[in-house]
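> Below are the sequence and a predicted model for it; my questions follow.
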Amino acid sequence: MINLFASRKRCAFAVGSTFEKVGIDIWNKGENKIPPVSIESRQAPVKQVVYKDSEIDLRKLPALVHHEWDPGPYLSLGYLTTYDPDTGIDNSSIHRGWLSAKDEIRFFAPPGQHASMILDKYEREGKMGKVAFWVGHHPAACFGSQRPMAFQTSHFATAGGVLGEPLRLVPSESLGKDFLVPADAEFVIEGLVPPGERKPEGPFGEAYGHYGAQRLGRYMRVTAITCRKNAHWLSILVGHRDFNVGIGGIQGEAVVYNAMKREVPTVIAVCRAPSFPGHVYIKIKKTHENQPRMALLAALSAWGSIKHAFVFDEDVDIFDESEVLWAIGSRTQWDKDLIVIPNCGASPVDPSTEVDGLGTKAGLDCTKPAPPKTFEQKISIPESVMQRIKIGDFITKRGAE
């Protein structure tokens with residue numbers, strides 16, 4: 001199953017929200033954390049089928065080769081789960097994983113990300129890192145587990161908050177009774193990460209619409225696979241709407257909104273661009289000339305993956321990119337409306353950076369002057385005229401056919 005998250009309207013339906021507010025609602029629901037509960041293996045749908053030892057063969061899974069240069073089938077919507085050895089708190093978020101052999105997955109966990117920080121702890125002790133990928137669940141659980149949060153914060157409790165009920169967990173099949181995995185997932189793939197060992201991984205079609213370079217990365221030796229009977233395999237098409245709109249897009253809107261709300265209380269809405277995950281569109285009620293720049297600076301510093309920010313007036317529909325482009329074209333003079341900030345943190349998959357992890361951010365003020373100054377009026381057709389026109393008066397049923 002692909003493109004589950006490619007529709008913003010569908011994402012909103014899945015978490016009981018609206019088209020405009022889905023990102024903020026996911027954030028707010030996740031703030032009300034609900035601790036997970038543990039159930040017995042016999043009660044867990046994901047334990048209906050179990051493969052261990054010689055039965056393990058990743059090549060039998062319906063994983064996709066997503067783009068032409070990908071070296072093989074990938075987990076693109078696999079939630080890599082680890083437990084912090086110091087606190088015992090779970091960490092579970094999306095990491096790409098190449099099914100490189102019948103019992104091996106090479107995955108990409110960039111330095112500084114929470115999963116990598118936890119595995120670093122195991123590695124310093126010379127211990128195998130215990131990990132599991134889970135695939136498929138209620139979309140609310142997927143959103144909750146991927147929601148941005150502080151290190152050593154339970155992703156499973158946050159997923160429960162977005163779900164509105166405790167996430168059910170079950171002891172793993174091969175990693176010990178204290179390593180819990182989602183009981184209602186479609187698939188769980190368990191394994192061990194050897195300390196100090198790296199293997200080539202990639203290239204892979206990434207979020208910026210280009211291939212992420214081949215890199216040396218960690219890998220896991222698969223120790224068990226469990227799944228539902230007649231399980232569904234979920235993938236996302238990274239670099240397309242499935243990622244840009246849904247699981248990788250709307251998640252960051254609340255992060256930006258909350259950061260700006262402190263600086264510009266008149267912010268109305270935030271939209272991560274469906275065409276490019278590094279762009280964010282901001283709508284404000286402008287009452288003072290300093291507000292757009294304050295909003296831009298807050299947005300660009302709120303989240304590392306935001307590369308370009310654009311701020312608009314309240315008469316622009318930031319969820320319609322044709323209106324966004326119209327406002328950029330008609331309400332900006334870049335010699336005075338553009339701010340450029342070099343040497344900032346950059347996405348590890350941005351192909352335009354010369355130094356990995358370091359790039360330039362920019363913000364564009366696309367607003368009209370604040371009152372009492374005036375600006376050219378936006379064209380319109382009287383609402384009374386629009387209501388008076390009935391298409392049936394001009395096109396017959398036969399003509400429509």
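Noted; the coordinates are in hand.

> do you know how far Lys127 is from Glu190?
16 Å (Cβ to Cβ, to the nearest Å). C-beta here means a position set from N, CA and C on the backbone, and glycine is covered the same way.

> And these two? Which one has more around it.
Ranked by neighbour count (other Cβ atoms under 10 Å), Lys127 and Glu190 place Glu190 first, with 25 against 15.

> Show me the helices in this structure, by range?
Counting by DSSP state H, the chain has helices at residues 8-14, 22-31, 114-124, 139-146, 155-163, 241, 253-263, 291-302, 321-330, 334-337, 383-388, 397-400.

> Of all the ones you listed, which one is nearest Lys229?
The closest of those to Lys229 is helix 139-146. By Cβ to Cβ, the value is 20.0 Å.

> and that closest one, what does it pack onto?
helix 8-14, helix 22-31, strand 79-83, strand 90-94, helix 155-163 (3 or more Cβ pairs under 8 Å, 6 or more residues apart in numbering; DSSP states H and E).

> gap between it and the chain center?
Relative to the centre of its chain, helix 139-146 is centred 10 Å away, using Cα atoms, centre = their mean, to the nearest Å.

> just stretch 46-53 next, same as before
Distance of stretch 46-53 from the chain centroid (Cα atoms, centre = their mean) equals 29 Å.

> quick one, what contacts the residue nearest to the spatial centre of the chain?
By Cα atoms, centre = their mean, the mean C-alpha position of the chain lies nearest to Gly248, the distance being 2.1 Å. Contacts for Gly248 (Cβ atoms under 8 Å, 6 or more residues apart in numbering) come out as 94, 146, 207, 236, 238, 277.

> now the helices and strands packed on helix 139-146 in CSV, with mean pLDDT and mean neighbour count?
Shown next, in CSV, are these (pLDDT from 0 to 100; neighbours: other Cβ atoms under 10 Å):
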stretch, mean pLDDT, mean neighbour count
helix 8-14, 94, 18
helix 22-31, 93, 22
strand 79-83, 97, 26
strand 90-94, 95, 23
helix 155-163, 96, 26
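
> mind putting these in CSV, distance to Asp120 included?
CSV is the format used below for the helices and strands packed on helix 139-146 (distance: least, Cβ to Cβ, whole Å):
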stretch, distance to Asp120
helix 8-14, 33
helix 22-31, 26
strand 79-83, 11
strand 90-94, 12
helix 155-163, 18
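
> Nearest to Pro45, out of these?
Pro45 sits nearest to helix 155-163 of all the helices and strands packed on helix 139-146, at 15.5 Å, using Cβ to Cβ.

> ok, and the closest non-adjacent residue to Leu216?
Arg198 (4.2 Å; Cβ to Cβ, 6 or more residues apart in numbering).

> And for Ile250?
Per Cβ to Cβ, 6+ apart, closest to Ile250 is Gly23, 3.9 Å.

> quick revisit: out of the helices of the chain, which is closest to Ala185?
helix 139-146 (8.5 Å).

> pLDDT of the closest one, averaged?
For helix 139-146, mean pLDDT is 94.

> now it against helix 155-163, angle please.
Note on geometry: by axes from the mean of the first three to the mean of the last three Cα atoms, to 10 degrees, helix 139-146 and helix 155-163 are set 140 degrees apart in direction.

> Let me know the angle separating helix 139-146 from strand 79-83.
Angle of helix 139-146 versus strand 79-83, following the same axes, to 10 degrees, is 50 degrees.

> before we move on, back to that, the helices of the chain into JSON lines, with extra columns for distance to Glu354?
Shown next, in JSON lines, are the helices of the chain (distance: least, Cβ to Cβ, whole Å):
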{"stretch": "helix 8-14", "distance to Glu354": "34"}
{"stretch": "helix 22-31", "distance to Glu354": "32"}
{"stretch": "helix 114-124", "distance to Glu354": "23"}
{"stretch": "helix 139-146", "distance to Glu354": "29"}
{"stretch": "helix 155-163", "distance to Glu354": "34"}
{"stretch": "helix 241", "distance to Glu354": "29"}
{"stretch": "helix 253-263", "distance to Glu354": "26"}
{"stretch": "helix 291-302", "distance to Glu354": "19"}
{"stretch": "helix 321-330", "distance to Glu354": "26"}
{"stretch": "helix 334-337", "distance to Glu354": "23"}
{"stretch": "helix 383-388", "distance to Glu354": "52"}
{"stretch": "helix 397-400", "distance to Glu354": "56"}
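
> So for Ile2, which of those helices sits nearest?
Comparison of the helices of the chain against Ile2 by Cβ to Cβ identifies helix 241 as nearest, at 10.5 Å.

> sorry, back to before: which one of the helices of the chain lies nearest to Ile39?
Closest among the helices of the chain, using Cβ to Cβ: helix 155-163, at 13.3 Å.

> Which strands or helices does the closest one pack on?
Counting by 3+ Cβ pairs under 8 Å, 6+ apart, helix 155-163 packs on helix 22-31, strand 90-94, helix 139-146.

> Take it, keep the C-alpha atoms, and write them as PDB.
These are the backbone C-alpha positions of helix 155-163, laid out as PDB (Å, rounded to 0.1, in the frame of the first residue of the first chain):
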ATOM      1  CA  HIS A 155       7.400   7.900  21.100                       C
ATOM      2  CA  PHE A 156       4.900   5.200  22.100                       C
ATOM      3  CA  ALA A 157       3.200   7.400  24.700                       C
ATOM      4  CA  THR A 158       3.000  10.200  22.200                       C
ATOM      5  CA  ALA A 159       1.500   7.800  19.600                       C
ATOM      6  CA  GLY A 160      -1.100   6.900  22.300                       C
ATOM      7  CA  GLY A 161      -1.900  10.600  22.700                       C
ATOM      8  CA  VAL A 162      -2.600  11.000  18.900                       C
ATOM      9  CA  LEU A 163      -4.500   7.700  18.800                       C
END
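
> how about low-confidence regions in this protein?
397-401 (pLDDT under 70).

> Domains in it, by residue range?
8-239, 249-365 (automatic domain parsing).

> what's the straight distance from one end of the last one to the other?
Put plainly, it is domain 249-365. Distance across domain 249-365, first residue to last, is 22 Å (Cα to Cα, to the nearest Å).

> same check, this time on stretch 176-188
14 Å.

> Same question for stretch 197-217.
Note: stretch 197-217 ends 8 Å apart using Cα to Cα.

> cool, and stretch 245-258?
Note: stretch 245-258 ends 20 Å apart using Cα to Cα.
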